[in-house]
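Enquirer: What would the 3D arrangement of this be:
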Amino acid sequence: MFISAGNNRGMRLYFVIFRLIIYFLGLVAASGASSDILKAKRFFEFHEYQDCLKELHKSLDSGKFDLESHRLYQDVMMELDEYPSLIKEYRDKVRQFPKDSALNYLYGRLLLQNSLSIESAEKYFAISIRMNPQFPWSYQALADISTGKADFEKALAILEECVKRCPAFVPSCLEIVHCYIRLYGPLEAIKRFIKMSPEVTSDLEMKLMLTYLHMQLDHKREAESLISTMINDYKEDYRYHRVIYAAAEYAESSSLKEIFLIQLWKNYPNSPLIPSVYRKLYGIYKSNNMKKALEFIGEAIDFKTNNNNLISIAYQDLIKLKKGNINELEQIGNKIISSDFANPNILNLLGESILDKDKTDLAISLFTRAIDSCIWRNLKNTVFFGPLIIPEEKRNLILTLLNGSYFNLGRAYYKKGEFKKALDNYLQIKEADGQFGEDVIMSIANCYINLGNRGEGFRILTKLYRDTGSKKAIKMLDDVFRKEQDASISNEGSGFEEGLDSVNHIPYFNEYKNKIIVLGLHRSSCIACLKLLNELTKLENKLRSIDDVIFINLFYENEPGLKLDSAIIDRDLFIKIVLEFKLKGVPGLLIIDKNGKVRYRMSGYRDDVKYLEDLDDRISFLRSRKNNKDPVCGNMPSNNPY
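Expert: Okay, the predicted model is just below:
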């Protein structure tokens, strides 16, 4: 089981993309920038953060306020995981100078990094604009919020107001083109692009955008002309590696593409584009010369770069290529164990491949390394690229990776017949739900049965069946207990419902008694929430004729353009349910039976084809219970959390 760092973390994808947009815009060079700032930007571009800070302090310590320096300083400090001290620093500054438009913007910009503080950030941007209507960055930030919600009309209106006041402000012009593309398509975007001022359209970022538009419309001659000009004119610019990448991206012949990519590979080892360069070169070699492709993977693994993502990608490709060859997989595993490689995703992937081939001891070493590597300083460089500033987000990411690693280590010990060690690892898994919760609980029951504690195994399986209608649980009950007449199977209730969470004390649900409730929790800024909403809508349409099932989609805030009968907006109810039922993030999902008992909960979104079928099965199980009683009974008390 290859556990992704993004599993069950619905909101993260949007905010990652959102931050990257902010950082990208932050790197746009303003005219007249000092040489110190340009040096600092160059260091930031290539992830050389300590050198960037040294250059920045020359400006920050001069006593003269420079907005570019402060923006870049914030970005560097967030990359260095210094958000708590950073937000305190700028909160103190804005309290000292509450009418300073730049400081209000800078503090709002930091608040914007926290998904729970977006409304507060908007207030500071509004104050900034009120203090100085000519200050462009606050308009830009407000537009970014609307863009993140896919409200491009509103974003465009804000940006056009910004450009009206500051015609040469490149970041807003750049995002205006982005809105044009989304609203009107690339052809109309080009027409509007060329009407912008020459001062704007001559900027490198704008030229790269125009090149992209021409390639979208298959205007090869225009794109080639732009690339040729940029290659000649921007050799000394710290963003020149982006020009080379664009040249490779749009090169007509494979050989010319390879030349540009190799130039990037050799000359810019710390470019953030290096993982993408690797993928493209590997694709070329793989289709033409497998031996060369393998050599290139080895070169990437040993590549001298500060971009740890590259090594992880290369190992992943190597594992896929060698999946059927246990001897070579074993060599890869031994090399990783002898190195300081610390990406739990890859360690789990390789361990799973080796475990399938009965190399149990090496798999145990890899899974143990995966567990040991689940500390933030490792994860932020090998799994999550960019800052995570909310402690809960970090905790959730670490928890997901730890859960997967403990599960795999438990599997390995179980396969080896060491059931006590297997059980110890399974019991380390916290808040098991969503993708692999059922497998965890089944594995725990299996361990107890193999250790001779059949009563505990029976209790766990029975509770799992009652809570979820698990087909696996009832099959094991049949296979292990019913045939040996260890269990009493009847239609009597067992009292297990007494320990289940209930919504009966929440007045909102009073009108839905004697109905099965499928409750989705969403935020409009969450991409995964919209995916879950789409799946729930399909299921709702399928079950529309059934009277005893109701779908409710609860939103924290207004969803632009949402037209759905089952949607409600109630912030207080949203917060109460998230906190009381310990949902770890959005999207969230609860299935509540006719007695008001929570029978299923999940945080995040399961992106798999069986998801709808799984939910449908759970609903059918709850509907099939006659007089709210279960088909299986048995009550063997235990302190075990499952």
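Enquirer: Identify the residues contacting residue 323.
Expert: Residues in contact with residue 323 (C-beta atoms under 8 Å, 6 or more residues apart in numbering) are 329, 353. Placement of C-beta: from N, CA and C, glycine included.
Enquirer: May I see the buried residues of the longest helix along the chain?
Expert: For the chain, the helix with the greatest residue count under DSSP state H is helix 391-416. For helix 391-416, the neighbour count (16 or more other C-beta atoms under 10 Å) marks 393-394, 396-414, 416 as buried.
Enquirer: Which strands or helices does the next helix-or-strand element following it pack on?
Expert: For helix 391-416, the following helix or strand on the C-terminal side (DSSP states H and E) is helix 419-426. When contacts are defined as 3 or more C-beta pairs under 8 Å, 6 or more residues apart in numbering; DSSP states H and E, helix 419-426 packs onto helix 391-416, helix 437-450.
Enquirer: Let's verify residue 519: helix, strand, or coil?
Expert: strand (DSSP: H, G, I helix; E, B strand; the rest coil).
Enquirer: Is it correct that it is in contact with residue 596?
Expert: No: checked against C-beta atoms under 8 Å, the pair residue 519 and residue 596 is beyond contact range at 11.6 Å.
Enquirer: Give me the more crowded residue out of these two.
Expert: Shown here are residue 519 and residue 596; by other C-beta atoms under 10 Å, residue 519 has more neighbours (23 against 20).
Enquirer: Report the spatially nearest residue to the more buried one, omitting neighbours in sequence.
Expert: Distance criterion C-beta to C-beta, 6 or more residues apart in numbering; nearest residue to residue 519, sequence neighbours excluded, is residue 590 at 4.4 Å.
Enquirer: Residue 334 too?
Expert: residue 362 is the one closest to residue 334 (C-beta to C-beta, 6+ apart), at 7.3 Å.
Enquirer: Report the contact partners of that neighbour.
Expert: Residue 362 neighbours (C-beta under 8 Å, 6+ apart): 330, 333-334, 337, 351, 354.
Enquirer: Now do it against residue 345, distance only.
Expert: For residue 362, the distance to residue 345 (C-beta to C-beta, to the nearest Å) stands at 18 Å.
Enquirer: With residue 548 instead?
Expert: Distance of residue 548 to residue 345, computed by C-beta to C-beta: 42 Å.
Enquirer: out of the two, which sits in the more crowded spot?
Expert: Between residue 548 and residue 345, counted using other C-beta under 10 Å, residue 345 has the larger neighbour count: 22 against 12.
Enquirer: Spell out which residues make up each domain of this structure.
Expert: 259-321, 324-475, 497-628 (automatic domain parsing).
Enquirer: Rebuild the helices and strands packed on helix 419-426 as TSV, extending it with distance to residue 584 and mean pLDDT.
Expert: Output for the helices and strands packed on helix 419-426, formatted as TSV (distance: least, C-beta to C-beta, whole Å; pLDDT from 0 to 100):
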stretch	distance to residue 584	mean pLDDT
helix 391-416	6	91
helix 437-450	12	91
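Enquirer: Using TSV, lay out the ones you listed together with distance to residue 254.
Expert: TSV is the format used below for the helices and strands packed on helix 419-426 (distance: least, C-beta to C-beta, whole Å):
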stretch	distance to residue 254
helix 391-416	38
helix 437-450	44
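Enquirer: Show me the strands in the stretch 501-642 of the chain, by range?
Expert: 516-522, 549-555, 567-569, 588-592, 598-603 (DSSP state E, counting those that start in this stretch).
Enquirer: Of the contacts of residue 362, which pair is most distant in space?
Expert: Farthest-apart pair in the contacts of residue 362 is 334 and 351; separation 12.6 Å (C-beta to C-beta).
Enquirer: hmm, back to that, give me the pLDDT value at the residue nearest to residue 334.
Expert: Reading off the confidence values, residue 362 has pLDDT 97.
Enquirer: before we move on, what about the one 4 residues further on?
Expert: On the pLDDT scale, residue 366 is placed at 97.
Enquirer: just checking, it touches residue 346?
Expert: No: Residue 366 lies out of contact with residue 346 (C-beta under 8 Å); the separation is 9.2 Å.
Enquirer: more neighbours, the two?
Expert: Shown here are residue 366 and residue 346; by other C-beta under 10 Å, residue 366 has more neighbours (30 against 26).
Enquirer: neighbours around the spatially closest residue to the more buried one that is not a sequence neighbour, how many?
Expert: Closest residue to residue 366 apart from its sequence neighbours, by C-beta to C-beta, 6+ apart: residue 351 at 3.7 Å. Burial of residue 351 is recorded as 31 neighbouring residues (other C-beta under 10 Å).
Enquirer: from the contacts of residue 362, which would you call buried?
Expert: Buried members of the contacts of residue 362, counted by 16+ other C-beta under 10 Å: 330, 333, 351, 354.
Enquirer: helices or strands next to whichever helix or strand the last one is part of in the packing?
Expert: The one in question is residue 354. According to DSSP H and E, residue 354 maps onto helix 344-356. Helices and strands touching helix 344-356, by 3+ C-beta pairs under 8 Å, 6+ apart, are helix 308-321, helix 326-338, helix 360-372, helix 391-416.
Enquirer: repeat that for 10 Å
Expert: With contacts taken as 3 or more C-beta pairs under 10 Å, 6 or more residues apart in numbering; DSSP states H and E, helix 344-356 sits against helix 308-321, helix 326-338, helix 360-372, helix 376-382, helix 391-416.
Enquirer: still on that earlier bit, put together TSV for the buried ones among the contacts of residue 362, with distance to residue 318 on each row.
Expert: Below are the buried ones among the contacts of residue 362 laid out as TSV (distance: C-beta to C-beta, whole Å):
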residue	distance to residue 318
330	13
333	11
351	14
354	13
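Enquirer: Which single one of those residues is nearest to residue 267?
Expert: The closest of those, once distances to residue 267 are taken by C-beta to C-beta, is residue 333, at 33.4 Å.
Enquirer: Settle this for me: the closest one is touching residue 349, isn't it.
Expert: No: Residue 333 is not in contact with residue 349 according to C-beta atoms under 10 Å; the separation is 11.0 Å.
Enquirer: quick one on the thing from earlier: between the buried ones among the contacts of residue 362, which sits nearest residue 623?
Expert: Here the nearest of the buried ones among the contacts of residue 362 to residue 623, counting by C-beta to C-beta, is residue 351; it sits at 40.7 Å.
Enquirer: quick one: common contacting residues for residue 333 and residue 349?
Expert: 319, 366 (C-beta atoms under 10 Å, 6 or more residues apart in numbering).
Enquirer: gap between residue 40 and residue 155?
Expert: 29 Å.
Enquirer: Settle it for me: which of the two has more neighbours?
Expert: The residue with more neighbours, out of residue 40 and residue 155, is residue 40; 28 against 25, by other C-beta under 10 Å.
Enquirer: which residues touch that one?
Expert: 33-34, 48, 51-59, 68-69, 72-73, 76, 238.
Enquirer: Residue 551 now?
Expert: Residue 551 is in contact with 516-520, 536-537, 539-541, 543-544, 564-567, counting by C-beta under 10 Å, 6+ apart.
Enquirer: May I see the ChimeraX selection of the buried members of the residues you listed?
Expert: Of these, the buried ones go into a single ChimeraX selection, burial set by 16+ other C-beta under 10 Å:
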select :516,517,518,519,520,536,537,539,540,543,566,567
